[in-house]
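Engineer: Sequence below, structure please.
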Amino acid sequence: MRRIGREAAALVAVLVVAAVAAEFAHLFREALFAVVEFLYGQKNATDGIKAANRIVPFVTIAAGVFLARLLNLRAQRRHAGHVGLQTVGNSARGEEPAVSLPGTLTRSLATLIACMPGTSLGRESAILEAGGAIGAFFGRFVPGGAPAVTSAGVAATFAAAYHAPFGAVAYVGGHLGVSRDRRSISYALIGSLFADWISVEHLGGHPIFPGHSGTVGSMVVLGLIAFVPAVVGARLFVQFREFLPTWGVVKDHPRVTLSVAVLVSASTVAIAPLSAGNGMEALRHIAVRGSIVAAMSLAIGKLLAVSATLTAKAPGGVFTPTLAVCAGWVLATYVGLEALGVHLPGNHWDGILIGMAAGLTVGLHAPVLASVVVAEMSGQMGLIPFTAVAAFLAHRTMHAVDVFEEKRRIPVPHEQHDEDA
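Structural biologist: You can find the predicted model right below:
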């Protein structure tokens, strides 16, 4: 009876955390949309910046990145070792140091401020970290339940942010290292499904992307063509953001690095508005109509802008930017082939969906997540056979590349990072 009582209390805590997490994710997005609309006259950052005087986004993005950096450094100083995705993982596994709720909320505020003017940066990492910290806080009131409730908090915010409850469980299992803990995985599934239900039924949640519209044959052809550029784009993005902070000139000249990073972050968005935001608006744009300008804005502009923003120490994630960068590389390949006279079957977007699954596998080292999350985000679970094959092939390809690089003593990034969300 005592065990039943503990599990009942833990289940109540999971449901409470899921509801709070879903509302937090909703309010976070709405706050961003409100500021973007105030600055540029419409909620869509890419369209708003395109129509605005480019000085406005340049100045506001630069200011937002600077302020976000200060808040992030403050959180890391006052709560050293207790903030970030890695510490959320510690709490989910019942390890120390545990995540700090005040410190995490400060980092979330920093991400919010950085993203408000349309900065090229993934915003969902702040939501996921906050969900984990909220779960850890409520879990303390449940005997032995803190780790599992923490996992449920992360899964709930992931499901609310991406409309992907099963992808949320895959993310928690892989990135938090709790895949073998049946209790944590069970609670994560319950929390993600409940948060997704709240989001859809009460907060206006809906699939993130348009679905595919082609035949099986056309999707296979487009997917095969998309594979290489998606993998290459994701790999370049990973290596750029991993190795840029390790360069000697970056370490030796921090003030110059900060100034250059902010300049690149702000000017890239001002010049190429489709690189603005976390990438969702741009992806919806190219789903309807793609061009070489749109492709390069994502493939190159997004890669540079996000890497620069992270180098400036503004806290944020790379989940959605990775999808956007991969989509840009795939779209550029399609447009280039058609310019050469090659006829491609179906709709470009069908192949881009498959390419994003391959790229996400490379960018986050998460083949299971990539197999399901793109299908969920498009609201078409029937896409999973295509995305799963793409994710598996990308995973095996990167394994072979890593073996090759390790033999030649080339550093290969494998660590978990706070921006892997």
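
Engineer: what about the stretch 1-150 of the chain, any weak spots by pLDDT?
Structural biologist: Within the stretch 1-150 of the chain, the stretches with pLDDT under 70 are 1-3.

Engineer: all helices for the stretch 251-400 of the chain, in order.
Structural biologist: Counting by DSSP state H, counting those that start in this stretch, one finds helices in the stretch 251-400 of the chain at the ranges 254-271, 280-288, 292-296, 303-311, 319-339, 348-364, 367-377, 384-407.

Engineer: how many neighbours does the residue nearest to F392 when sequence neighbours are not counted have?
Structural biologist: Of all residues beyond its chain neighbours, the one nearest F392 is P367 (6.2 Å), with distances taken as CB to CB, 6 or more residues apart in numbering. To be clear about C-beta, it is placed using only N, CA and C from the backbone, and glycine gets the same treatment. Residues near P367, counting by other CB atoms under 10 Å, number 24.

Engineer: So what touches the host helix or strand of K50?
Structural biologist: Secondary structure assigned from DSSP states H and E places K50 in helix 45-51. Helix 45-51 is contacted by residues 36-37, 39-42, 57, 118, 269-270, 273-274, 276-277, 281-282, 285 when judged by CB atoms under 8 Å, 6 or more residues apart in numbering.

Engineer: how about the CA coordinates for the next helix or strand after that helix, as CSV?
Structural biologist: Using DSSP H and E, the helix or strand that directly follows helix 45-51 along the chain is helix 55-78. This file holds the C-alpha atoms of helix 55-78, laid out as CSV (Å, rounded to 0.1, in the frame of the first residue of the first chain):
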residue,chain,number,x,y,z
ILE,A,55,18.7,49.1,-38.8
VAL,A,56,16.0,48.1,-36.3
PRO,A,57,16.6,44.4,-36.3
PHE,A,58,20.4,44.9,-36.3
VAL,A,59,20.3,47.2,-33.2
THR,A,60,17.7,45.2,-31.3
ILE,A,61,19.4,41.8,-32.0
ALA,A,62,22.8,43.1,-31.0
ALA,A,63,21.3,44.5,-27.7
GLY,A,64,19.4,41.3,-27.1
VAL,A,65,22.4,39.1,-27.5
PHE,A,66,24.5,41.3,-25.2
LEU,A,67,21.9,41.3,-22.5
ALA,A,68,21.3,37.6,-22.8
ARG,A,69,25.0,37.0,-22.4
LEU,A,70,25.1,39.0,-19.2
LEU,A,71,22.1,37.1,-17.7
ASN,A,72,23.6,33.8,-18.8
LEU,A,73,26.9,34.6,-17.1
ARG,A,74,25.1,35.8,-14.0
ALA,A,75,23.2,32.5,-13.8
GLN,A,76,26.3,30.5,-14.3
ARG,A,77,28.2,32.5,-11.6
ARG,A,78,25.5,32.4,-9.0
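
Engineer: which helices and strands does helix 55-78 pack with?
Structural biologist: Helices and strands touching helix 55-78, by 3 or more CB pairs under 8 Å, 6 or more residues apart in numbering; DSSP states H and E, are helix 2-40, helix 101-115, helix 254-271.

Engineer: can I get those helices in CSV with mean neighbour count and distance to I225?
Structural biologist: Converted to CSV, those look like this (neighbours: other CB atoms under 10 Å; distance: least, CB to CB, whole Å):
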stretch, mean neighbour count, distance to I225
helix 2-40, 19, 34
helix 101-115, 23, 33
helix 254-271, 19, 28
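
Engineer: In JSON lines: those helices, plus distance to M356.
Structural biologist: Listed next are the helices and strands packed on helix 55-78 as JSON lines, based on distance: least, CB to CB, whole Å:
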{"stretch": "helix 2-40", "distance to M356": "21"}
{"stretch": "helix 101-115", "distance to M356": "21"}
{"stretch": "helix 254-271", "distance to M356": "21"}
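
Engineer: buried residues in stretch 232-248?
Structural biologist: For stretch 232-248, burial by neighbour count (16 or more other CB atoms under 10 Å) applies to 232-238, 240-242.

Engineer: Identify those among these that sit within strands.
Structural biologist: Among these, no member falls in strands (DSSP state E).

Engineer: ok, of these, which one's closest to A375?
Structural biologist: A234 (18.0 Å; CB to CB).

Engineer: just checking, T397 touches V232?
Structural biologist: No: taking CB atoms under 8 Å as the definition, T397 is not a contact partner of V232, at 10.3 Å.

Engineer: For the residue nearest to F392, report the pLDDT, please.
Structural biologist: pLDDT, P367: 94.

Engineer: try G204
Structural biologist: Value for G204, per-residue pLDDT: 85.

Engineer: Tell me the secondary structure at it.
Structural biologist: coil (DSSP: H, G, I helix; E, B strand; the rest coil).

Engineer: Next, the nearest residue to G316 once chain neighbours are set aside: phi, psi?
Structural biologist: Once flanking residues are discounted, G316 sits nearest to L121: 3.7 Å by CB to CB, 6+ apart. Backbone torsions of L121, given as degrees, to the nearest 10, read phi -170, psi 140.

Engineer: and the angle for the host helix or strand of V200 with helix 2-40?
Structural biologist: In this assignment (DSSP H and E), V200 forms part of helix 182-202. If you take axes from the mean of the first three to the mean of the last three CA atoms, to 10 degrees, helix 182-202 sits at 40 degrees to helix 2-40.
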